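Asker: Got a predicted structure plus its sequence, pasted below:
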Amino acid sequence: VIHEWDETYQGKALKIQMLTFTVGTFKGATSRISAYYAYPADAKGKVPGLVQVHGGGQRADKNTVKTDAANGYASISLNWGGRELADQKPGEPGTDWGAIDPTQKHVRHYFRLTPDDRTAESVYSPRNNNWFILTLATRRGLTFLEKQAVVDTEQLGVYGHSMGGTITGQVAGLDPRIKAAVPSCGGAGITQAKNVARSGSSTDRRVGDKLYSKTIDSTASLRNLTCPILGQSPQNDFNCIYDDLNHNWKVIADKSLVHFSISPHLNHRHITEAEFTRTRFFDAFLKGEGAFPARPELAVELKTFNGIPVATVKPDILDQVQRVQIYYSINPNSLTRFWRRAETARYGDVWKAHLPI
């Protein structure tokens, strides 16, 4: 622990730490990562634990763990990118990856398995990939939480945005200690040939070879997913491509685990309601507070008497539904796709909309 202090935030008494911990030893050198950690100072019994993973170009965020702690969680934000923390003073220890480098300074190795002077192995191996090291660091974050007296070790969650969302998607199926996961704008996996082949789709981001696909890509771990997962990605996101999210997450065997919170029209950010969904998701699955609705049932009828397609939506837990809005598009390009707002009306327990084109 480098610094520790008490703070009142959102009316709640918190204990906050800036610290470092060991990820592992690679090529004879120790790799350590810095982090912010916070928890409720007056917790009555044990509380759920959360690991937060920052996105590209960012750093561990003190305000994020403070907000989590004020909401009743013990939360650690990992500083995998290596930037100095806001409270780190000159000469104080921070993230030091030692003989390896899984940060954006070593950017080509997010998609490579080949060795170089900053990889963990000297032979062709998935362990040379940056994502492998970052998922390992995230799992070490879970281990850190397990060792804290205030944490309920049976109720651990993980979340992150952008590159942090990618890491969240990769680690969600790898570690059975995770009981809920929320990748934001990441975790869709690489684009599959089926999506690339669609005319005008723009989904041409196929990367990695066969071994990468079987070991590093999110779809490799998501096949083994055993916890609820909430995919947060706006409809036009550049990093977590909407079409890939829908296609690749079909590998998840138990469809009841899968939830989505998709913001209309946006790229790489969310509307306020979608941001709040993450907190509601963790409260439901880690605290047991209320029921989180299952995905709504969606059916689209293309052959109608007048030739105008009709969409039908049946939401779960009807008494919680305030409004239903159906969007549709005829554009194949998933990044620039324009979404039309359909006139949506309720008929008993379902909502319907005509989709004129």
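Answerer: Noted; the coordinates are in hand. Residues are numbered from 1 along each chain as shown.
Asker: Return stretch 187-201 as CSV; C-alpha atoms alone will do.
Answerer: Below are the C-alpha coordinates for stretch 187-201, written out as CSV (Å, rounded to 0.1, in the frame of the first residue of the first chain):
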residue,chain,number,x,y,z
GLY,A,187,-15.7,-8.3,-25.9
ALA,A,188,-17.4,-9.0,-29.2
GLY,A,189,-14.4,-11.0,-30.6
ILE,A,190,-12.9,-10.8,-34.0
THR,A,191,-15.0,-10.6,-37.1
GLN,A,192,-15.8,-14.0,-38.6
ALA,A,193,-15.7,-14.8,-42.3
LYS,A,194,-19.5,-15.0,-42.5
ASN,A,195,-19.8,-11.3,-41.5
VAL,A,196,-17.0,-10.2,-43.8
ALA,A,197,-18.7,-11.8,-46.8
ARG,A,198,-21.8,-9.7,-46.5
SER,A,199,-21.8,-7.1,-49.2
GLY,A,200,-21.1,-3.6,-47.8
SER,A,201,-20.8,-4.8,-44.2
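Asker: which SS class is residue 334?
Answerer: coil (DSSP: H, G, I helix; E, B strand; the rest coil).
Asker: Run a quick neighbour tally on it.
Answerer: 24 (other C-beta atoms under 10 Å). Backbone N, C-alpha and C define where each C-beta goes, glycine included.
Asker: And the helices in this structure?
Answerer: For the chain, the helices defined by DSSP state H cover 62-70, 130-146, 163-172, 193-196, 210-215, 218-222, 242-248, 272-286.
Asker: The nearest residue in space to residue 318 that is not next to it in sequence: neighbouring residues, count only.
Answerer: Distances taken as C-beta to C-beta, 6 or more residues apart in numbering put residue 349 closest to residue 318, at 6.1 Å, once the chain neighbours are dropped. Using other C-beta under 10 Å, the number of residues around residue 349 comes to 9.
Asker: Quick check, residue 349 in contact with residue 319.
Answerer: No: the pair residue 349 and residue 319 does not pass the contact test of C-beta atoms under 8 Å, sitting 11.1 Å apart.
Asker: Does residue 41 touch residue 13 like I think?
Answerer: Yes: assessed by C-beta under 8 Å, residue 41 is found in contact with residue 13 at 4.2 Å.
Asker: Now do the shared contacts for the two.
Answerer: Counting by C-beta atoms under 8 Å, 6 or more residues apart in numbering, the residues touching both residue 41 and residue 13 are residue 6.
Asker: got any ranges where the stretch 201-350 of the chain has weak pLDDT?
Answerer: For the stretch 201-350 of the chain, the stretches with pLDDT under 70 are 204-208.
Asker: picking that back up, okay, the helices of the chain, which one's buried deepest?
Answerer: helix 163-172 (a mean of 28; mean count of other C-beta atoms under 10 Å).
Asker: Enumerate every residue touching residue 198.
Answerer: Applying C-beta under 8 Å, 6+ apart, the residues contacting residue 198 are residue 332.
Asker: That one and residue 192: what is the separation?
Answerer: 11 Å (C-beta to C-beta, to the nearest Å).
Asker: returning to what we had before: as CSV, the helices of the chain with distance to residue 35 would be great.
Answerer: Shown next, in CSV, are the helices of the chain (distance: least, C-beta to C-beta, whole Å):
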stretch, distance to residue 35
helix 62-70, 9
helix 130-146, 7
helix 163-172, 13
helix 193-196, 36
helix 210-215, 26
helix 218-222, 23
helix 242-248, 28
helix 272-286, 19
